[in-house]
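Asker: Provided below are the primary sequence and the corresponding predicted coordinates.
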Amino acid sequence: MIHQKCMAVLVGMAITLLLGCGNSGGSSPSGPSGPSGPNVLTITIDPASAAVCTFANDPCTQVTICQPGTSTCQTISDILVDTGSSGLRIFSSAVTLTLPSSHIGECLFFGSGTDWGAVHTVDVILGQEPAVSVPIQVVEPTFAGQYTSTGQPPSNIPASNICGVAAVEASPSQVGHNGILGVGVFPFDSGLYYNCVPLPCTGVAVPHSQQVQNPVGLLPVDNNGVIVALPSVPVSGLPSLTGSLILGIGTASNNQPSGVTVLPTDSLGRIVTHFHPSPGTSIQEVGIIDTGSSLLFFGDSLSLSIPLCPSDPDPLKDLSFLYCPPSPLHFSAVNTVSSGSPSSLVNFQIIDPRALLSAGNGVINNLGGPTFFAGTFDWGLPFFFGRKVYVGLNGKNSVLGPGPFLAY
Amino acid sequence: MKRRLVLEMVMLFSLLAIIDLPGAWAVLGEPASSVETDRLALAGQLKMIPAQPFTIQEINSVDLAVREYVSGDTVFAVAWRGKRPPNLVSLLGTYFHEYQEASAAAASTGPVRRGGTRIQASHVVVETGGHAGDVRGRAYIPSLLPSGVTPEMIQ
């Protein structure tokens, strides 16, 4: 089962790479009905057809990377759009472009995994914007011999485990994307950097200019943030969905905001969410708004009395991290900031997704699951359906005010 | 003794090899006295938080907060929050190997990507979550949880 899936993924990747080799242009600007322009990247959720982005509710796009200062480039598809991180990361197995060698490695920690690999400064082309020179992470477990190709520590000697975790992300097929385009509110990432020549790798402080960072912040004009624009999704779900990642806020005719609530974030990119589990009850929580989360993670099964989906010993089939209510449930929450103003009421629904998933729907609204850590409300992808969400970069100004902010 | 020696080697290597990654941690399942080692390794502030029926020893450093849950004289759980996790090799001690094996077995997921990980190994449970720049986690030994203490209380 796993083997067959991997084969399919490898064949798909090979086709993608063949198509991408030597392409010095950018990605196609838009979907059929969405905005268009040089500052628009198409977002696609189509797990049934995608080569690598095969998980439901994973918004993916493509980016082009080039050898520095040249027109020798490669367009790489199946890149997850992530408003919860910063910087571009691409698995080495998806990169055919020859890159200059790098001494610098990075561990970057996500909630669900860890990326290890070398940091390379390349030219990145987003949409049809001018190329920008920016450090990216080439994710590669075997870089500097630190992990095996399956992401395991090479031996049981603890000292050889540089990121200090049980495993690092191993391959595109394992994680369901060729890479991640982190377009969160902060320009720089939060990783640990190492100099790996000569071995052993030793911790090193690298200047901002050499750290992995959101390439959007380096664009000449459309550099103050992004807009994630996804169409609405019916309660019955959809097989696929096309939307847009628009670069810049109020910098072009296609990214002018109107009628939005602007929520400045705290120093960790968070807002305040007052969750109403039942009428008249309100719980103040930390809110995040994150395209890299496939569902709404909130509450817990016990206190909300929502059953979890049944567990399955096969991890490929296990859905026990999702809510499976016997009938659709309606909730509301208010997103705000610590002062309480402005604020925005959000109504949402949670359904049992099993029939929709088995019917082949790759786009599912109303998908929820418990958070491991009480007090956190993670507005994942269902929040973005039918909205334009503005992500204002820290250190930049826009018609919506200075970043960091989230607005919709 | 051997485990302690390995731990010291880990500390030495880590301190030599890594500028700002904490070098050693109170090992899950070991005496509370090891918390002081952690405070020194982190150059952090230690705060005692009495609770019932356990004590929380919280260590805060620049970009990581670690809470060690002590009952009697044993660290039965550890929770963390910050830009990065603590080094789980040191933190889990001899439990790290079973955690690693259980993680490898659970590496594939589908058809929906999870927001965090929950790894149930033979003797230890490790849960992680959050997002880049604000990661969270907890590790605990179910058999050592004092009665009335639920995993949700560890955070």
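Answerer: Yep, it's here. Numbers count the residues shown, from 1 in each chain, chains lettered A, B, ... in the order given.
Asker: Give me the distance between the closest residue to A:Thr336 other than its chain neighbours and A:Ile249.
Answerer: The spatially closest residue to A:Thr336, leaving aside those adjacent along the chain, is A:Ser343, at 3.7 Å (CB to CB, 6 or more residues apart in numbering or on different chains). Where you see a C-beta, it was placed from the backbone N, CA and C, and this is true even at glycine. Counting by CB to CB, to the nearest Å, the gap between A:Ser343 and A:Ile249 amounts to 21 Å.
Asker: Same check on A:Pro35?
Answerer: For A:Pro35, the distance to A:Ile249 - CB to CB - is 13 Å.
Asker: Now list whatever residues contact both of those two.
Answerer: In the contact map built from CB atoms under 8 Å, 6 or more residues apart in numbering or on different chains, the residues linked to both A:Pro35 and A:Ile249 are A:Asn255.
Asker: what about the two, which has more around it?
Answerer: A count of neighbours by other CB atoms under 10 Å in any protein chain shown puts A:Ile249 above the other of A:Pro35 and A:Ile249, at 29 against 19.
Asker: Show me where chain B dips below the pLDDT cut-off.
Answerer: Low-confidence segments of chain B, defined by pLDDT under 70: B:1-26, B:34-43, B:108-109.
Asker: Around chain B, pick out the residues from the stretch 201-350 of chain A.
Answerer: Proximity of the stretch 201-350 of chain A to chain B, by CB under 8 Å from any CB of the partner chain, involves residues A:201-205, A:268-270, A:288, A:290, A:292-295, A:297, A:300, A:315-319, A:321-322.
Asker: Can I have the buried ones of those as a ChimeraX selection?
Answerer: Paste this into ChimeraX to select the buried members of those, with burial taken from 16 or more other CB atoms under 10 Å in any protein chain shown:
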select /A:201,203,204,268,269,270,288,290,292,293,294,295,297,318,319,321,322
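Asker: does A:Ile136 really touch A:Leu88, like I thought?
Answerer: Yes: at 4.3 Å, A:Ile136 counts as touching A:Leu88 under the criterion of CB atoms under 8 Å.
Asker: Please enumerate the helices of the chain.
Answerer: No chain was given, so I picked chain A. Secondary structure of chain A by DSSP state H: the helices cover A:2-20, A:172-175, A:301-304, A:354-358.
Asker: meant chain B, my bad for not saying
Answerer: Counting by DSSP H, residue ranges of the helices within chain B are B:2-17, B:35-42, B:88-92, B:96-105.
Asker: just to revisit the earlier point, confidence score at the residue nearest to A:Thr336?
Answerer: At A:Ser343 the predicted local confidence, pLDDT, stands at 97.
Asker: repeat for the one 4 residues further on
Answerer: Reading off the confidence values, A:Asn347 has pLDDT 97.
Asker: Just give the closest residue to the residue in the stretch 151-300 of chain A that chain B sits nearest to, not the sequence neighbours.
Answerer: The minimum distance from the stretch 151-300 of chain A to chain B, using CB to the nearest CB, falls at A:Gly164 (3.4 Å). In this structure, A:Gly164 finds its nearest non-sequential neighbour in B:Asn87, 3.4 Å apart by CB to CB, 6+ apart.
Asker: Quick check: that neighbour touching A:Leu192?
Answerer: No: between B:Asn87 and A:Leu192 there is no contact, the gap being 10.6 Å when judged by CB under 8 Å.
Asker: May I ask you to name the longest strand in chain A?
Answerer: What stands out as the longest strand in chain A, according to DSSP state E, is strand A:114-125.
Asker: Please identify the pairing partners of that one and their relative orientation?
Answerer: strand A:60-66 (antiparallel), strand A:104-109 (antiparallel), strand A:132-139 (antiparallel) (DSSP bridges).
Asker: So for that strand, mean pLDDT?
Answerer: Model confidence over strand A:114-125, given as mean pLDDT, is 98.
Asker: and that strand, how far from the chain's centre?
Answerer: The offset between the C-alpha centroid of strand A:114-125 and the centroid of the whole chain comes to 16 Å, using CA atoms, centre = their mean, to the nearest Å.
Asker: low-scoring stretches of the stretch 51-200 of chain A, by residue?
Answerer: Residues of the stretch 51-200 of chain A that meet the criterion pLDDT under 70 lie in A:156-160.
Asker: Can you list the residue ranges for strands in it?
Answerer: Assigned strands in the stretch 51-200 of chain A, in chain order: A:60-66, A:73-82, A:86-91, A:104-109, A:114-125, A:132-139, A:179-183, A:192-195 (criterion: DSSP state E, counting those that start in this stretch).
Asker: Chain B now?
Answerer: When assigned using DSSP E, the strands of chain B occupy the ranges B:45-50, B:55-60, B:64-71, B:74-82, B:117-120, B:125-131, B:134-140.
Asker: mind putting the ones you listed in a markdown table, distance to B:Val149 included?
Answerer: Converted to a markdown table, the strands of chain B look like this (distance: least, CB to CB, whole Å):
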| stretch | distance to B:Val149 |
| --- | --- |
| strand B:45-50 | 14 |
| strand B:55-60 | 11 |
| strand B:64-71 | 8 |
| strand B:74-82 | 8 |
| strand B:117-120 | 17 |
| strand B:125-131 | 13 |
| strand B:134-140 | 9 |
